[in-house]
Structures are given as C-alpha cells and as structure tokens.
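Participant: can't give you the sequence, but here's the structure:
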C-alpha cells in the first residue's frame, strides 16, 4: 500500500444542538459523567482545504458515536511475574465520530478527537485518506495521507483458501435463491450488537512504546472505523474487553495457521470465563509473508472458533481496520467475493487480497443473513444494557432511580424530578399516564382511550403513576360485519389494501392470490425459511402477501419499499415485496386475524380455524386477569372496571378471575401460574 502525504490546515466550526455552548476540541466534558450524553445529535461541520492550488474543499458532517466501548472497559495486562492484572481505565467515549462528506452520498468518515486534533479516515468517491494532527503545531495543522491500492506482487491477502472456506462454511446450495433476487444496495437489517474482545501481542505492545494507554487508544480507534464500516449492516461493534500481552506472548507465533488454532484454544481455556464476548481477535505484529490475516468462517459465538488473527505491521489504522473488517466478516459467515459479487466499487471488503474499499458486496450481505438464520446468531440487541447504557441523566428510569429528568438544563425545568434522579419534596411521581402535577391521578381517571371496537379503555387506580396494562376484547369476537378481533385489531384484506394504496383500493380477486402467492418469490410467499421463499399452499394463499386492485396512484411508501404490478387474464394485481435483509415493518404481509374463509382466520401465515370465544384452549389451574364493565355504570366513558370472582363483582383492576369466566365474557387475558 502506498500513502501520499499532504499537509493541510483545518478550520473547524463547532456547534452544540440546544446547548448554547461551544464544544471543546477534545470532546471532554467537565460536567457529571451522564451529561456527556446530553446532545444526542451534535453535528460538527469540518471544513478542510489543502495547501496545493488544486486542492478540493470539503465539508464533513460528524456525529458522536456513543457506546463504542463498554462502560467499565476491563483491560488485562501481566506483571513482571506474569500474573494477570485487571484495570478499568478511563476511556473517553464522547470524542469518537462518524459522519459523511457533504455532497458525496457514498462517503464515509470515522474520526476521533480524543488526543487533540482529528485522527481517523475519510472515504470520498472511492478514494481513502487518513488524517492525523501534526505534533506541536501552533496553527492546527494536520497530515492527510492518500491510501492507494496494494501494488505489491504477489499482493498480501487473507490466508483462507477457497477450499478451506467451503469446508468450514458448508454453504447450502439453496442460498443463491434469495441472493439472485437481491442487489448490493438497499439492504435493511436488524439492529444488533457485537461484543468484541481484542488481544494485543507483545511485539505490538513494544512497538507502541510499551505504553498501555497508546495501545488502548489505537485499539479503540480501529474499533471506531470497524463500527463505521459495518454501519450498513445495522451492526454496532462494542469493545467489551482488552488484553495486552505485556510480558511475552501466551501462544507461539511462528506460523499464522498455528497461531489461529492455538489462540482459539487459549481463548477457550483462559479468556472466555472472564471476558464474555461474541468474537475475539488477536492483533499481532509479525510478518507471515503475503498472509496478513486468518479467521474461522461462521464461528461467531461458537468458541473456540469465534476468533481471528490480524497482522498489525503498518502504522496505518485504516489499512489495519480494513483487514480486521475482512476477517471479522469471515467470523460472521462471509466467504471471499467471486466474480458475481458486486458493491459499486472495483473491489469489495471480502475480496481475497487487501484492497482499499469501504463496501461489502451483495454476496457478503446474503451470507451474513444466511449464517444468521441457520445458526440463530447470538448477537441480539441489546447486550448487557445494565453495563453499557445505564446512567442517571439518560431520560430512562432504571433500577435505583425514582425519575430521570435528563441533562442539567432539562432538570432545571422539570417540576417533579431532581438532578440526582430522585423526586422533589412533596412529589409522588414524575412521569406516567397516571401522573399529573407530580401527583397520582384519582382512581377512575381515564388514562388510555378505547381506540376501536376490539379495544377496551383503561383507568387509573389512584395508587400508581402507571396506567394499567393495555387490555382488549377476546380474539375471535366478530367486528366490522365481516372480520374478527385479533390482538386489539379488526383486520381484513380490503382495509389493508386501503392502508397501502389509498381509499379506493380493495382486495384483489382470489386469482391474484393464487397466481402470486404460490410463486415462492419476494413478491409472493408464505414464509422465509433461512434464505428460501416458501410458496403458499393452496389452502393458505389468502394468508401470504396481500394482493390489491383498483389502484389509481402509486403510493409514497417508506424508503426501500417496492411496489409490483402483474397483469394477466384481464386482471391487474398490485402488491409489495419483502426480502432477506429487510427489517422495516412488512406492510404487505396479510395480518394475523384476517378472515380467510368461513369460520377461519390467518394466524402466522396459515389459514386455520378461528378462535371461538368462550372455548377454553388450555386446561389446568391457570388464572388470568379479567376486566368487566361494572353493571349500572352511569356512563360507559366513566365506568369503573371490576373483576368477577365466583359471581361477585369486586372493584379494582388487579383482582383475579377464573380463566373460564374471562373467556365466557370475551375479555382479554394474561396467563399466570
């Protein structure tokens, strides 16, 4: 890799959203720790101009990247007697930024200001730059390095061969079925958190001046770039632990293949118990010829195979972060890109040899999701929220807090809550639907209105700030003449078509459902199993994807939505698609409870016998909470709620009724032992 160096002067303009202050360059705050998070969307435009005559002018917009490291990051080192030592050093977490270059939609920025000045990477129009401050500069000068593609021959590359990848991953032939229908753009993914542990070998520690703080800063900076690169996956990478081999390596480092095997075994025996994680990587300063990285394929959460080895010889954090992102991709189930894989650039991150790129290919997205579905991937959100997200001042009332009014500025205006997350003198509550003027609302006060004929209202009980749980009429009760209540909703095909395509739309003829939902495609299916679209059985066609007609105008839908039209036999069918990788709500899936035949309703994409009110579906001494309007109430809107126990009407929302009585009266229920 070649790095061209340019000296630039950076003029920075800082602004704080809603704070009325100037942000210090380092990003450190002098207020209490929780107040560092007071500006959720602070945007910092950064104007960069080079010293040469033809230098381009860019404006970079950046936002603070929060929760990049665990709140109490454990850092393990070794004493001169080689005994393990644990520390929890201060790690500034409000000086790392992600962003973009104004006017360049495909740009990517990951910078930090933790040590003064800007340090990190900028990707602009396929060109990559690294930026770092000039030491002791009185005029805020920075060096910008242009990172060029690898010109070494043979090029340095990942150590995995295609045969080894195929052996490890054992990809199912069926995976291509959805991959062929998907491009590299527009993938929508579920938000997940990946807990990463990094181990730094002894030579890299020595290279970093034998300074734990320097190593720590380098590692967090790399993780910041990693997190930006994996942003399109909606995958937040959190550094949850760091170990530095300060007194010599714990495994032999002669052969990289042996290093990976031994590191995985050492991790399994020594690291897993004290540092829970999804993936652990060894950053090693050792030359292994053209091989610069190695990892187990699809090994995430499966110790000892949730590990990788990354060669950290260069001074470039960007080049190294690109390598780690590649090997991390292997852990997440990604193979090397072949000739059919595309990402709008010449090379993608999973290309076998090292290239300067910030894009993953369509193949990588499909393989990531294939591995997620097949293995039940463990990186579910959020991990250990009590360790990462809890603090007084985040506007979330957590254990040990009576209230949480947020920042100092917000708390000054709060009439009920103090800055230390306790109630003010005389206040009994500070929030909730049954809290008014810092007091509990009187018993019988309406706190949640009835929204439709399948819903029931709720009233305050006078002793709590919270509105009682949301209850509704029993599933299977008829509604709207030709539908059934199900989970508080009255659904039918016509209503769903109007919600998507407008008031004139209506459900299409059964021919459309038969034609499209038996295809087993992104436009018509009854399930997605792994990476396969499952066609609907003839009996279930009305429970697959909703098909509509009489559509006059194509609606303005949420980004990434696709509308399809099919014309056959003088019939026009309209619908929407849903495919692998999307995590936005699926508006085109026929909703549960929709009628699909006489005395039948759709449940989980199957047409089944409808739930019959009054029929007890379970047996045994189960109980439920039941609600019944008290007889003789003067006004339904002001009616008290009562619970019927053995024929007696008892006032209150928390009384128990037998499950049979709840079902007899068509009331919602919640099972309990």
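Facilitator: Everything's here; your move. Owing to the predicted nature of the structure, the values given are computational and were not obtained by experimental measurement.

Participant: how about the nearest residue to residue 114, chain neighbours excluded?
Facilitator: residue 95 (4.2 Å; CB to CB, 6 or more residues apart in numbering). Every C-beta, even on glycine, is put in place using the N, C-alpha and C of the backbone.

Participant: same thing with residue 609?
Facilitator: Using CB to CB, 6+ apart, the closest residue to residue 609 is residue 600 (6.1 Å).

Participant: List the contacts of the one you found.
Facilitator: 607-610 (CB atoms under 8 Å, 6 or more residues apart in numbering).

Participant: Now restrict those to buried residues only.
Facilitator: Taking 16 or more other CB atoms under 10 Å as the criterion, what is buried in the contacts of residue 600 is 607, 610.

Participant: Inside strands: which ones of the contacts of residue 600?
Facilitator: 607-609 (DSSP state E).

Participant: re the thing from before, quick one: pLDDT of the residue nearest to residue 609?
Facilitator: Model confidence at residue 600, given as pLDDT, is 93.

Participant: next one: residue 15
Facilitator: If you check residue 15, the pLDDT there is 32.

Participant: on that earlier part again, any idea what the residue nearest to residue 609 is bridged to?
Facilitator: Beta-bridge pairing of residue 600 under DSSP bridges involves residue 597, residue 609.

Participant: residues in contact with residue 434?
Facilitator: 440-441, 445, 447, 460-461, 464-467.

Participant: rerun that using 10 Å as the cut-off
Facilitator: Neighbouring residues of residue 434 by CB atoms under 10 Å, 6 or more residues apart in numbering: 440-443, 445, 447-448, 458-468.

Participant: so how far is the longest helix anywhere in the chain off the chain centroid?
Facilitator: The helix that spans the most residues within the chain, counting by DSSP state H, is helix 212-229. Remark: helix 212-229 is offset 21 Å from the chain centroid, using CA atoms, centre = their mean, to the nearest Å.

Participant: Average pLDDT for it, rounded please.
Facilitator: Mean predicted confidence for helix 212-229 is 94.

Participant: oh, and call the first residue 27 from now on, that's how I've got it
Facilitator: Fine by me, first position is 27 from now on; the one you just mentioned is helix 238-255.

Participant: Tell me the buried residues in that helix?
Facilitator: 238, 241-255.

Participant: Which strands and helices lie in contact with the helix or strand just after that helix?
Facilitator: Downstream of helix 238-255, the next assigned helix or strand under DSSP states H and E is strand 261-270. If contacts are counted by 3 or more CB pairs under 10 Å, 6 or more residues apart in numbering; DSSP states H and E, strand 261-270 sits against strand 101-104, strand 110-113, strand 218-226, helix 228-233, helix 238-255, strand 305-310, helix 343-357, helix 411-414.

Participant: care to break the chain down by domain?
Facilitator: The chain breaks down by automatic domain parsing into domains covering 27-90+121-173, 93-114+190-416, 504-635.

Participant: Including distance to residue 461, could the ones you listed go into CSV?
Facilitator: Shown next, in CSV, are the domains of the chain (distance: least, CB to CB, whole Å):
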stretch, distance to residue 461
domain 27-90+121-173, 23
domain 93-114+190-416, 22
domain 504-635, 24
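
Participant: closest to residue 183 out of those?
Facilitator: domain 93-114+190-416 (4.0 Å; CB to CB).

Participant: Residue 306: what's its closest spatial neighbour, skipping adjacent residues?
Facilitator: Residue 306's closest residue in space is residue 223 (CB to CB, 6+ apart), at 4.2 Å.

Participant: Burial check on that neighbour, number of neighbours?
Facilitator: 24 (other CB atoms under 10 Å).

Participant: Ok, the one 4 residues further on next?
Facilitator: Using other CB under 10 Å, residue 227 is surrounded by 24 other residues.

Participant: Surely residue 540 is in contact with residue 565?
Facilitator: No - here residue 540 lies out of contact with residue 565, judged by CB atoms under 10 Å, at a distance of 11.2 Å.

Participant: hey, where'd the strands end up in the stretch 377-526 of the chain?
Facilitator: 461-462, 465-466, 472-474, 484-485, 504-505, 509-512, 515-517 (DSSP state E, counting those that start in this stretch).

Participant: what's the longest one packed up against?
Facilitator: Yep, that's strand 509-512 we're talking about. If contacts are counted by 3+ CB pairs under 10 Å, 6+ apart, strand 509-512 sits against strand 504-505, strand 515-517, helix 519-527, strand 626-629.

Participant: ok, now the third one?
Facilitator: Secondary-structure packing of strand 472-474 (3+ CB pairs under 10 Å, 6+ apart): strand 484-485.

Participant: partners of the strand it packs on in the sheet?
Facilitator: strand 472-474 (antiparallel).

Participant: What are the neighbouring residues in contact with the residue nearest to residue 378 when sequence neighbours are not counted?
Facilitator: What sits nearest to residue 378 in space, not counting adjacent residues and going by CB to CB, 6+ apart, is residue 362, at 4.7 Å. Shown in contact with residue 362 (CB under 10 Å, 6+ apart): 183-184, 186-188, 191, 323, 352, 355-356, 374, 376-379, 389-390.

Participant: Which strand or helix spans residue 362?
Facilitator: Using DSSP H and E, no helix or strand contains residue 362.

Participant: any idea how far it is from residue 174?
Facilitator: 22 Å (CB to CB, to the nearest Å).

Participant: ok, now residue 470?
Facilitator: On the measure of CB to CB, residue 470 and residue 174 end up 73 Å apart.

Participant: what does residue 520 give?
Facilitator: From residue 520 to residue 174 the distance is 60 Å (CB to CB).

Participant: what about these two, which has more around it?
Facilitator: residue 520 (17 against 13).

Participant: looking at it, the more buried one is touching residue 533, isn't it?
Facilitator: Yes - assessed by CB under 10 Å, residue 520 is found in contact with residue 533 at 5.0 Å.

Participant: Give me the common contacts of these two.
Facilitator: With CB under 10 Å, 6+ apart as the test, residue 520 and residue 533 both reach 572, 574, 620.

Participant: Nearest to residue 438, out of the domains of the chain?
Facilitator: Distance to residue 438, taken as CB to CB, is lowest for domain 27-90+121-173 among these, at 12.5 Å.

Participant: Mind checking the helices and strands packed on strand 509-512 for the one nearest to residue 144?
Facilitator: The nearest among these, by CB to CB, is helix 519-527 at 46.1 Å.
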